[in-house]
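Novice: Next input, structure requested:
(chains A, B, C and D, ligands or ions: 2)
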Amino acid sequence: MTLTAHAEPGARLPFDLARIRRDFPILRREVAPGVPLIYLDNAATSQKPVQVIAELTRFYRDHNANIHRAVHTLSVESTELYEGARAKVAAFIGATDPREVIFTRNTTESINLVAHGWARKFLRAGDEVVVSEIEHHSNIVPWQMLRDERGIVLRYIPMLPDGTLDLEAARQIIGPKTRLLSITAMSNALGTIVPLEVLIPLAKVQGAVVLVDGAQSVPHLPVDVRTLGADFLAFSGHKMLGPTGIGVLWGRLPLLESMDPFLGGGDMILTVSMERSTWADVPAKFEAGTPNIADAIGLGAAVDYLAALGMDEVRRHEIEITDYALRRLGDVPGVTIFGPPDVRSRGGVVSFALEGVHPHDVGQVLDTKGVAIRTGHHCAQPVMTALHVPATARASFYIYNTVAEVDTLASAIESAAAFFHRGGVGI
Amino acid sequence: MTLTAHAEPGARLPFDLARIRRDFPILRREVAPGVPLIYLDNAATSQKPVQVIAELTRFYRDHNANIHRAVHTLSVESTELYEGARAKVAAFIGATDPREVIFTRNTTESINLVAHGWARKFLRAGDEVVVSEIEHHSNIVPWQMLRDERGIVLRYIPMLPDGTLDLEAARQIIGPKTRLLSITAMSNALGTIVPLEVLIPLAKVQGAVVLVDGAQSVPHLPVDVRTLGADFLAFSGHKMLGPTGIGVLWGRLPLLESMDPFLGGGDMILTVSMERSTWADVPAKFEAGTPNIADAIGLGAAVDYLAALGMDEVRRHEIEITDYALRRLGDVPGVTIFGPPDVRSRGGVVSFALEGVHPHDVGQVLDTKGVAIRTGHHCAQPVMTALHVPATARASFYIYNTVAEVDTLASAIESAAAFFHRGGVGI
Amino acid sequence: MTGTLLDDLYRDILLDHYRAPRNHRGIAAPTCSADGANPLCGDEVHIDVAVAGDRIVDIAFGGHGCSISQASASMMTEYVKGRSVAEARAGVEAFQQMMVTAQAAGIEGFDDIDALLGVAKFPARVKCASLAWKTLEQALAGEGGAVTTDERSAEHVRGI
Amino acid sequence: MTGTLLDDLYRDILLDHYRAPRNHRGIAAPTCSADGANPLCGDEVHIDVAVAGDRIVDIAFGGHGCSISQASASMMTEYVKGRSVAEARAGVEAFQQMMVTAQAAGIEGFDDIDALLGVAKFPARVKCASLAWKTLEQALAGEGGAVTTDERSAEHVRGI
Ligand SMILES: Cc1ncc(COP(=O)(O)O)c(C=O)c1O
Ligand SMILES: Cc1ncc(COP(=O)(O)O)c(C=O)c1O
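Specialist: Ligands and ions are numbered 1, 2, ... in the order given. I've put the predicted structure just below:
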């Protein structure tokens, strides 16, 4: 279809860091005169390549219309682009049927959709939902709300001091009462990669349904639902080069079909009379109202970009840079790094503390050097509680980051230490 | 704040149709060689001016970061832009406190948010929710779902044959059991402007809460929540020059504060422990997960654009063009126009039938002339049932439409009649 | 889209079926029947089939809709009448292929059908043309439930 | 943001209060107290106040947080100690004004406070500086509940 011909599908480009950086206009920005931006807050959200920005512009300038239900040219084009984006996203995660891809706002809405449409329908008081101690709040709060409303039991796989999960404990916790294992593939706070290949079979043996929070894995690791073994996969476009406001819930078709709709309104119905309504088929059943058409199409362009790089190359680059960062930051006096020591057990996330300096103050000093990191609890308060820290400083990497940027990060941390330890002079 | 200085707030521009049209790049498009686009599907979604498209690009090229929780420059800027957009939207509808503006995906989500957060908490079996027969499905289905789940009673104010509501019946239906009046300000299917100044007091006298579906009114009419008398107002950004994927629920602060949260996750919490969580204040309580930051900012730019034109000027232009269209289409043999005959009782929507030609076929022929209209039930099946038609053809106008375009519309309808009545030759 | 394209969609044979639909009536005692609807544009079709042995001895349709859905229903009835159930099923299959590939189905012995070839170029209208055929399939399956041609259904999301 | 700007934020007096906080302890029998938290960065503060008549005879704070929140708490205690409740309330008001206008509060007889003036230029840090003052307000209101400085609270969304 000519409308999506734009990026050559399947064409594989060499991983050329200089070329990649040129695709991201924001990387040419200075945060103050002479201070170039070094963006290391990728676990919060990624930057967007021109290809994605241009796709949004192109849509609004040339094709914009509401989708479905119309015969006019713009509407036909918009529908093709929107459904084409669904097909691209499906292909990206190995889903054979695009109907298994539901567009949501973000990971948070995707998880809530499962909590409302599936769990509220099928779980009873006493049924157990298993999560872990390293989950993002988005994979804790919906289950607490369900617990308070329906009396399900919420159980946590505990974290070990090195930021990995206690697999022995997991074997005890996942049992015959487990109806749902809802687990992150990678911790955004510590970078821990969770051994899903161990945990998912434990749940499957018990006949439980498995939801994987892929907010950090889909952007950074090769993910294929055909081998993952999960029933649902939730992720966010904005963390994988896509626009804000678009997320995905992938689910196995029979499960999606068995679920209740969530939001009611236009587009999710088959018929409406004053007395009763009937539901449209999946995926429309879960996409009530005018969807985020432009950003879905933008996500399609993001997925094209990542697919052209190859997710194994993305991972290779991140291992390289994270490995360097672990060594480089480990050498800075006063720095403690949290999370698994082995770079292969973590994604491109380095969470750390600087002795005697509050993370917030570290972040502030780094900002004056152009280095953007995140400080705080990273929406993972239970992790902070377990580490006995109020907050951490976190640098997180993506395809465009360089080892030179890690050097600047390291020396900026040294400056922060100097500033606060010696009295605020000479920075 | 320099970041939003962009459009001069408060500056009022003369309503210059030629200048306005230049702001909309899509209007220069041809749907086929030599066939320029005539976009008359504005009730479904509006086109976007360069100012809005550029604001999205600017955000992604210069400022993009996740909001809240970070000290780095981009995050501070993004937060200011996002909260600045909230303040703009609040000012646009006359809300004195920006916290009363909740960003959602669209009108549909806004209404569902009230159904989940307010109605599920405060309504009991037997309580009555009053809507009308001319509602969009988005203001019917959520209440049917609530009825089936909770046993509330759903009542409809009937439509009269001219597309207006039966106010006598409304006086009977709105009574002491009415807990919520959820009513559209303007029908998207017929253009009917609902006399809210009559209906809202009827509900208020009974102590009922009032939700206004402003999906069609906020883009096209001056709306001020200080005089509207409603408690909630729902609308969509994409119908008012803004991007897809962003909508608004305005609510009175005490009501919003009394409500349960809807989606659980990051950003809507105050504290999370493994045992329990506490909620953030309004509006964060209702904005779980990473919001649609860019599109909220884009909506801010759309609101700047409309405010600079002046909503009374927008309305004046639409009355002019609708008046012309009613007369012009009324003269085409075989055309029946639905809805109120008086142009002051309707928005810029003209729904019609062409004798002997199915609306779908009308739309198809019009498309070959570049004229984009919508055909179908317009997500208002009860209206179609009441009119005893399976579907209608609908032309709907906005700030950039001209009387010359209405002329083309009229002659295209004549061509369609000729094509189907005389046998498909000579079009 | 030009006038030529439009003529391609609304071929004379199609308009003829629309204006003078074949088998547009009911059957007093059908052996099976089914209803179909296109929720997005309001088209509705009802199909009655009379099967004797493995042969479709009579078929009729009712309902309302756009020219494409009505003409397609008319052609469908004309095509299957007198054929075996297996042939009818093969016809449904061939028709759906034709909508996907925009290539002549080569449904043997029935040339009118080629008038629907132009529809394949109009993604928004494929569901109109398909409605009657899907409903026939359902009727023959003896399920008798309601069929819909949701444009977000499998074919569409495959990006066709 | 340049080194100069940073020096503007982290003035020497501020860092001095951070390193050697005044009144960083508890009070055995406070007449009122309150807890405050900044959920987005994890800062926590606890404030004990001893009031006799209409005068604050003693005040102390605990908790943890960034340099700004700790220094601001220290200054706040130094400022209000010995003053009347009305003066303390006026001080809270003046401080909040200062964060909004980035103009010297002119809190009479307490110059250290001007060291917090630089914070007003850092929207993300205003909530750090405000935490202790808001918590004092709450303690004096005798509500004793938890205070938060959510950055999406009223001041912030007003676009400051
Ligand atoms: C009156 C009315 N209400 C609600 C809606 C639903 O809006 P959205 O699809 O943006 O949620 C519409 C849009 O068609 C409408 O016209
Ligand atoms: C592991 C994980 N889960 C869920 C989320 C929530 O994503 P979003 O805010 O896009 O809904 C995040 C993002 O921070 C995350 O890192």
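
Novice: what residues does chain A put near ligand 1?
Specialist: A:266, A:289, A:290 (CB under 6 Å from any ligand atom). Heads up, the C-betas are built off the backbone N, CA and C, glycines and all.

Novice: Mind doing that once more with 8 Å?
Specialist: With CB under 8 Å from any ligand atom as the criterion, chain A meets ligand 1 at residues A:66, A:265, A:266, A:267, A:288, A:289, A:290.

Novice: ok, of those residues, which one's closest to residue B:176?
Specialist: residue A:265 (29.1 Å; CB to CB).

Novice: hang on, isn't the closest one packed against residue B:138?
Specialist: Yes: counting by CB atoms under 8 Å, residue A:265 touches residue B:138, with 3.5 Å between them.

Novice: overlap in contacts of the two?
Specialist: Counting by CB atoms under 8 Å, 6 or more residues apart in numbering or on different chains, the shared contacts of residue A:265 and residue B:138 are A:288, A:289, B:107, B:108, B:111, B:379.

Novice: ok, now which ones touch whichever residue of the stretch 101-250 of chain A sits closest to chain D?
Specialist: The minimum distance from the stretch 101-250 of chain A to chain D, using CB to the nearest CB, falls at residue A:137 (10.8 Å). When contacts are counted by CB under 8 Å, 6+ apart, residue A:137 touches A:379, A:380, A:381, B:264, B:265, B:266, B:269, B:272, B:277.

Novice: what does residue A:86 give?
Specialist: Contacts of residue A:86 by CB under 8 Å, 6+ apart are A:98, A:101, A:103, A:283, A:296, C:157.

Novice: The fourth one touches residue A:102, doesn't it?
Specialist: Yes: at 4.8 Å, residue A:283 and residue A:102 qualify as touching, with contact defined as CB under 8 Å.

Novice: tell me, what's touching these two both at once?
Specialist: What both residue A:283 and residue A:102 touch, as defined by CB under 8 Å, 6+ apart, is the set residue A:256.

Novice: Buried by neighbour count, from the residues of chain A next to ligand 1: which ones?
Specialist: A:66, A:265, A:266, A:267, A:288, A:289, A:290 (16 or more other CB atoms under 10 Å in any protein chain shown).

Novice: Around ligand 2, pick out the residues from the stretch 201-350 of chain A.
Specialist: A:213, A:215, A:216, A:234, A:236, A:238, A:239, A:247.

Novice: next one: the stretch 51-200 of chain A
Specialist: A:105-111, A:135-139, A:184-188.

Novice: out of the residues of chain A next to ligand 1, who's nearest chain C?
Specialist: Nearest to chain C among the residues of chain A next to ligand 1, with distances taken as CB to the nearest CB, is residue A:267, at 8.5 Å.

Novice: Quick check: that closest one touching residue A:286?
Specialist: No: using CB under 8 Å, residue A:267 makes no contact with residue A:286, being 10.0 Å away.

Novice: just the helices in chain C please.
Specialist: Using DSSP state H, the helices found in chain C span residues C:3-9, C:12-19, C:67-80, C:85-101, C:123-140, C:154-157.

Novice: With mean pLDDT as added columns, please give those in TSV.
Specialist: Listed next are the helices of chain C as TSV, based on pLDDT from 0 to 100:
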stretch	mean pLDDT
helix C:3-9	77
helix C:12-19	92
helix C:67-80	95
helix C:85-101	91
helix C:123-140	93
helix C:154-157	33
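
Novice: Put together JSON lines for those, with distance to residue B:420 on each row.
Specialist: Compiled in JSON lines, these are given as follows (distance: least, CB to CB, whole Å):
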{"stretch": "helix C:3-9", "distance to residue B:420": "11"}
{"stretch": "helix C:12-19", "distance to residue B:420": "8"}
{"stretch": "helix C:67-80", "distance to residue B:420": "7"}
{"stretch": "helix C:85-101", "distance to residue B:420": "23"}
{"stretch": "helix C:123-140", "distance to residue B:420": "15"}
{"stretch": "helix C:154-157", "distance to residue B:420": "27"}
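
Novice: TSV please, covering those and showing mean neighbour count and distance to chain A.
Specialist: Below are those laid out as TSV (neighbours: other CB atoms under 10 Å in any protein chain shown; distance: least, CB to the nearest CB, whole Å):
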stretch	mean neighbour count	distance to chain A
helix C:3-9	16	10
helix C:12-19	19	16
helix C:67-80	26	10
helix C:85-101	18	13
helix C:123-140	26	5
helix C:154-157	19	4
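
Novice: Please report how far residue A:138 lies from residue D:41.
Specialist: 19 Å (CB to CB, to the nearest Å).

Novice: Those two - which one has more neighbours?
Specialist: Shown here are residue A:138 and residue D:41; by other CB atoms under 10 Å in any protein chain shown, residue A:138 has more neighbours (32 against 28).

Novice: State the three-state secondary structure for the more buried one.
Specialist: With DSSP: H, G, I helix; E, B strand; the rest coil as the basis, residue A:138 sits in helix.

Novice: which residues touch it?
Specialist: A:107, A:108, A:111, A:213, A:215, A:379, B:264, B:265, B:266, B:288, B:289.

Novice: same thing but 10 Å
Specialist: A:106-112, A:184, A:188, A:213, A:215, A:234, A:236, A:379-380, B:263-269, B:288-290 (CB atoms under 10 Å, 6 or more residues apart in numbering or on different chains).

Novice: So which of these are in helices?
Specialist: A:107, A:108, A:109, A:110, A:111, A:112.

Novice: For the last one, which non-adjacent residue is spatially closest?
Specialist: Once flanking residues are discounted, residue A:112 sits nearest to residue B:263: 4.4 Å by CB to CB, 6 or more residues apart in numbering or on different chains.

Novice: List phi and psi for the residue nearest to residue A:330 when sequence neighbours are not counted.
Specialist: Of all residues not flanking residue A:330 in the chain, residue A:337 sits nearest, at 6.1 Å (CB to CB, 6+ apart). Per-residue torsions, residue A:337: phi -100, psi 130 (degrees, to the nearest 10).
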